[in-house]
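[1] turn this into a model:
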Amino acid sequence: MFLSNVVQFDIPLLPDPAGLDIIHLQCHIGTDTLSLARRGAKSVVGLDFSPASIKEGQHLAANAAGGEKLRFVEASTYDALEVLTPGSFDLVFTGVGAICWLPNIRQWASVVSGLLKPGGKFFIREAHPMLWTLDEKIEDRLAIRYPFFETEQPMMFQDDSTYMKLADDWKTFENATTLEWNHGIGEIVQALLDEGMEITGLKEHRSIPWDALPRQMVELGNGEWSSVCSITTSAELMMFLRRICFEGGTGTNTAVLHFAGCQEEMRHVLHPGSSCNNSFTSRSIANCLSFVCESRPRRGLRC
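    Alright, predicted model coming up:
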């Protein structure tokens with residue numbers, strides 16, 4: 001049975017969804033949502049603020065095996081606790097390339113924590129904030145252009161393209177303005193800790209499921225891409241750069257997070273052509289980070 005490339009990649013780190021009630025935040029058209037159902041979930045709710053995406057998800061649910069387990073809800077992530085019953089999910093799942101659309105990471109963490117049952121788990125794979133700082137239009141080097149930390153004002157882009165390929169043609173958007181926010185690793189981790197989540201695992205990977213730096217990445221297969229300078233051996237492409245685990249107690253809520261695009265063996269060089277007068281080169285670049293959290297009473301919080 002078909003599973004999305006994203007969920008296939010996540011299987012080794014994703015908490016076993018069998019028998020769980022799951023909420024998929026920012027689910028888009030629901031392909032990952034359906035894949036979670038096909039992995040044995042009891043039920044999966046997909047939430048997205050786009051009516052067009054929800055409509056496609058509902059169509060998918062009505063016509064695909066496993067769709068009977070799905071329910072789609074049109075709402076902003078920040079409104080999830082108003083349209084869904086708080087504390088009713090065993091697993092909160094957030095797909096890759098999602099939190100960059102959210103301006104306030106602390107409010108997001110509050111929603112994640114509020115949706116979980118006692119002992120529930122949270123999982124996310126996301127682009128590394130370092131990757132989001134890079135100028136993707138520069139092809140001959142890695143150049144920092146955008147903020148690493150969360151800012152009050154968004155980054156604004158004009159881009160009419162979409163990563164969704166339909167038939168043989170790439171579709172374009174009429175409304176091409178997008179607003180994005182970066183969030184540092186510390187900001188994300190601390191926001192979850194402040195909600196009583198305990199971090200139990202953190203991993204980085206050398207690939208990411210889109211061509212994040214055009215003409216500087218190679219396609220590895222199964223939808224994953226890696227920076228050319230990350231490649232040393234084929235085996236190394238599949239290795240995690242590092243793992244950080246904060247072991248938790250029993251009866252706690254668990255969250256698993258992934259991020260993409262962290263740098264190893266970085267050396268900074270001055271480059272006047274960069275918009276922030278600073279660029280870097282790297283002998284090895286990781287493109288994904290994994291992260292596990294557990295939510296416990298605040299008095300017992302430790303890391």
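
[2] next, count neighbours for residue 125.
    29 (other C-beta atoms under 10 Å). Every residue, glycine included, has its C-beta placed from N, CA and C.

[3] identify the bridge partners of it.
    Beta-bridge partners of residue 125, counted by DSSP bridges, are residue 258.

[4] so it touches residue 95, yeah?
    Yes - in this structure, residue 125 is within contact of residue 95 by C-beta atoms under 8 Å, at 7.2 Å.

[5] residue 115 and residue 141: what is the separation?
    From residue 115 across to residue 141, the span is 42 Å (C-beta to C-beta, to the nearest Å).

[6] phi, psi for the closest residue to residue 3 other than its chain neighbours please.
    Nearest non-adjacent residue to residue 3, counting by C-beta to C-beta, 6 or more residues apart in numbering: residue 35, 4.4 Å away. Backbone geometry at residue 35, expressed as degrees, to the nearest 10, gives phi -60, psi -40.

[7] give the contact list for residue 35.
    Applying C-beta atoms under 8 Å, 6 or more residues apart in numbering, we find residue 35 in contact with 2-4, 6-8.

[8] if I look at residue 81, how far off is residue 111?
    The gap separating residue 81 from residue 111 is 6 Å, by C-beta to C-beta.

[9] higher neighbour count, the two?
    residue 111 (23 against 16).

[10] the more buried one - that's part of a helix, no?
    Yes - counting by DSSP: H, G, I helix; E, B strand; the rest coil, residue 111 is located in a helix.

[11] would you mind measuring from it to residue 222?
    Residue 111 sits 31 Å away from residue 222, taking C-beta to C-beta as the criterion.

[12] on that earlier part again, of the contacts of residue 35, grab the buried ones for ChimeraX.
    Remark: buried members of the contacts of residue 35, expressed as a ChimeraX selection using 16 or more other C-beta atoms under 10 Å:
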select :3,4,6,7,8
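
[13] tell me the backbone dihedrals of residue 70, please.
    phi -100, psi 150.

[14] tell me which stretches of this structure form helices.
    5-10, 31-38, 51-63, 80-83, 105-115, 129-132, 185-194, 234-237 (DSSP state H).

[15] before we move on, back to that, between residue 115 and residue 141, who's got more neighbours?
    Neighbours per residue (other C-beta under 10 Å) separate residue 115 from residue 141, with residue 115 holding more: 24 against 17.

[16] picking up where we left off before, mean pLDDT added to the helices of the chain, as CSV?
    Listed next are these as CSV, based on pLDDT from 0 to 100:
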stretch, mean pLDDT
helix 5-10, 94
helix 31-38, 98
helix 51-63, 97
helix 80-83, 98
helix 105-115, 98
helix 129-132, 92
helix 185-194, 94
helix 234-237, 41
